[in-house]
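> Quick check, what structure comes out for this input:
(one chain, ligands or ions: 1)
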Amino acid sequence: MARGKLITLEGGEGAGKTTLIRGLTKALAARGIDVVVTREPGGTPGAELLRDILLNGDVQRWSSRTEALLMYAARVDHVERRIKPALDCGAWVVCDRFADSTRAYQGVGGGLKAEELEELRHFALGDFRADLTLIVDIDPEEGLARTLARGEKATRFEKFDSGYHARLRQAFLDIAAEEPERCAVLDGMQPAEAVLENAMALIDARLSTAA
Ligand code: Z5A
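Numbering: from 1, shown residues only. Model (predicted):
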């Protein structure tokens, strides 16, 4: 059986990743592909426990270095117990955030050196990477407005100032420029239907959807 593909979705808060994942799941399933939807931090019982302590509480609850280690502890559990087994069974895994979020949030946002995070990534995951990373790009003000409109309690990360969110946006665009063979940028300011259409066009161009 052919190994499945790992597609990761990245971008700032409220960019539309969750909305896009719903559309991608339907579109891929309509082609007969077995799709597993998951998220980070989280995706396994142990990683969801870590998600809870990472996203809730005071903004200064963790240093960036502790956050990076906790994110990777959750990620290793997720990759070993959920993502790799699903890929081995031929499923396509669509994951809301992955290692690029650590580069952006704890690296550029939190001041950790890119080389140190790369060493951590290699220690935790070896050569394991996404087959395709879709970066949903949006003006951070619009993203925060969308999340506030949902009326949910803000996570620790949403409480950071607007300069922080602008740096994150640039960090994701820089990652896409550094790794164009793995990453592609989608304009998240477009209507959700257009974002989905563009994402499917990229998937068709970059990955074979032959089941
Ligand atoms: N984090 C980290 O620091 N380091 C790491 O390594 C990892 C994560 C893996 C996870 O939060 C937090 O963890 C995250 C980074 C940090 N920071 N925060 N906050 P999360 O999972 O709770 O939040 P999120 O990933 O940012 O997701 P989100 O806020 O739910 O946004 P979204 O999934 O990108 O957007 P959405 O839910 O699809 O859409 C938001 C609203 O906009 C919703 O009402 C939609 O109906 C609407 N929407 C969606 N698309 C459109 C378009 N195209 N037009 C208009 N309106 C739209």
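> Just to be sure, Pro41 is in a strand?
No: looking at Pro41 with DSSP: H, G, I helix; E, B strand; the rest coil, it is coil, so not inside a strand.
> my guess is it meets Ala73, correct?
No: with contact defined as Cβ atoms under 8 Å, Pro41 does not count as touching Ala73 (9.1 Å). (Glycine included, C-beta is placed from N, CA and C.)
> Now for those two: what residues contact both?
Residues touching both Pro41 and Ala73 by Cβ atoms under 8 Å, 6 or more residues apart in numbering: Leu50.
> Please point out which parts of stretch 105-116 sit buried.
Across stretch 105-116, burial judged by 16 or more other Cβ atoms under 10 Å covers 105-110, 112.
> typed the wrong thing, it's stretch 117-135
For stretch 117-135, the neighbour count (16+ other Cβ under 10 Å) marks 117, 120-121, 124-125, 128, 130-135 as buried.
> quick check, distance from stretch 121-140 to the centre of its chain.
Its chain's C-alpha centre and that of stretch 121-140 lie 7 Å apart, by Cα atoms, centre = their mean, to the nearest Å.
> Check the offset of the helix-or-strand element of the chain with minimal mean pLDDT from the chain's centre.
Least confident helix or strand of the chain, by mean pLDDT, DSSP states H and E, is helix 140-149 with a mean of 89. From the chain centre to the centre of helix 140-149 is a distance of 18 Å (Cα atoms, centre = their mean).
> list the buried ones in it?
Here helix 140-149 shows 140, 143-144, 146-147 as buried, counting by 16+ other Cβ under 10 Å.
> With stretch 70-86 instead?
Buried positions in stretch 70-86, judged by neighbour count with 16+ other Cβ under 10 Å: 70-72, 74-79, 82-84, 86.
> ok, Ala184 - how many residues close by?
18 (other Cβ atoms under 10 Å).
> So it: helix, strand or coil?
What three-state DSSP gives for Ala184 is strand.
> Okay, and the closest residue to it other than its chain neighbours sits in which element?
Residue nearest to Ala184 in three dimensions, not counting chain neighbours: Leu202, with 4.9 Å by Cβ to Cβ, 6 or more residues apart in numbering. Leu202 is part of helix 192-206 when elements are defined by DSSP states H and E.
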